[in-house]
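Participant: The following comprises the amino acid sequence and a computationally predicted model.
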Amino acid sequence: MIDIVSTEAAPMPVAPYSQAVKANGFVFISGQRPVDPTTMQVVEGFDAQVRQALANLSAVLTAAGTTAANVVKVGVFLADLATFTRFNELYAEFFTSPLPARTTVATSLRGILVEIDAIAVACAPC
C-alpha cells in the first residue's frame, strides 16, 4: 500500500512530485529546500538555509507520523563543498546518535545553497 504525505507546515511542491510517500514501512521524503512555508521565500544565508531545510524535513516527518530518530538515510546536496564542515556542525544539532547513513554531494542548485532528502522508518507508535 502506498500513501501520499502532505503538510502545509512545509513548502508544497511546485513540480509534479509528492512531499513524501509512505510505502512498505518506510517514508521516502522528497528534497526539502530552504523555503519558508509561510512566505514561500528562500531564507537568506547558509546557516538559515540549512536550518530551514531541516525544519521542513521535520515537518514532513511529523506529517508522516515519524521523527528524525527514525531516519535511516539522508541525501545532502550542497551548492559549494566549502560549506561541508559548517553543514556538519548544523546537521549534528538536528540528528543525534544513532546517526543515519548519509551521502553528501556538491551540485548545481538553482537559487539555493542546500537541499536535503531522507528515508525514514514509519513508526507505530513513535
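Facilitator: Happy to help now that I have it. Numbers count the residues shown, from 1 in each chain.

Participant: Now the element after the longest helix along the chain, going C-ward?
Facilitator: Assignment by DSSP state H gives helix 46-63 as the longest helix of the chain. Next helix or strand after helix 46-63 toward the C-terminus (DSSP states H and E): strand 71-78.

Participant: what packs against the helix or strand just after that next one?
Facilitator: Next in sequence after strand 71-78, counting helices and strands by DSSP H and E, comes helix 84-94. For helix 84-94, the packing partners by 3 or more Cβ pairs under 8 Å, 6 or more residues apart in numbering; DSSP states H and E come out as helix 46-63, strand 71-78. For every residue, glycine as well, the C-beta is placed using N, CA and C.

Participant: Show me which residues of the longest helix of the chain are buried.
Facilitator: Across helix 46-63, burial judged by 16 or more other Cβ atoms under 10 Å covers 46, 49-63.

Participant: Repeat that for stretch 115-125.
Facilitator: 115-120, 122.

Participant: what residue ranges in the protein score low on pLDDT?
Facilitator: Applying pLDDT under 70 to the chain flags the ranges 124-126.

Participant: can we see that at 80?
Facilitator: 123-126 (pLDDT under 80).

Participant: Which residue is the nearest non-sequential neighbour of the residue nearest the centre of it?
Facilitator: By Cα atoms, centre = their mean, the mean C-alpha position of the chain lies nearest to residue 57, the distance being 3.5 Å. Leaving aside its sequence neighbours, residue 57 sits nearest to residue 32 (Cβ to Cβ, 6 or more residues apart in numbering; 4.6 Å).

Participant: Next, residue 119: secondary structure please.
Facilitator: Using DSSP: H, G, I helix; E, B strand; the rest coil, the structure places residue 119 in strand.

Participant: Show me what it is bridged to.
Facilitator: Beta-bridge pairing of residue 119 under DSSP bridges involves residue 28, residue 73.

Participant: Which residues outside the longest helix of the chain are in contact with it?
Facilitator: With contacts defined as Cβ atoms under 8 Å, 6 or more residues apart in numbering, helix 46-63 is touched by 5-7, 9-11, 19-20, 27, 29, 32-37, 42-43, 67-68, 70-71, 83, 86-87, 90-91, 94, 112-116, 118, 120.
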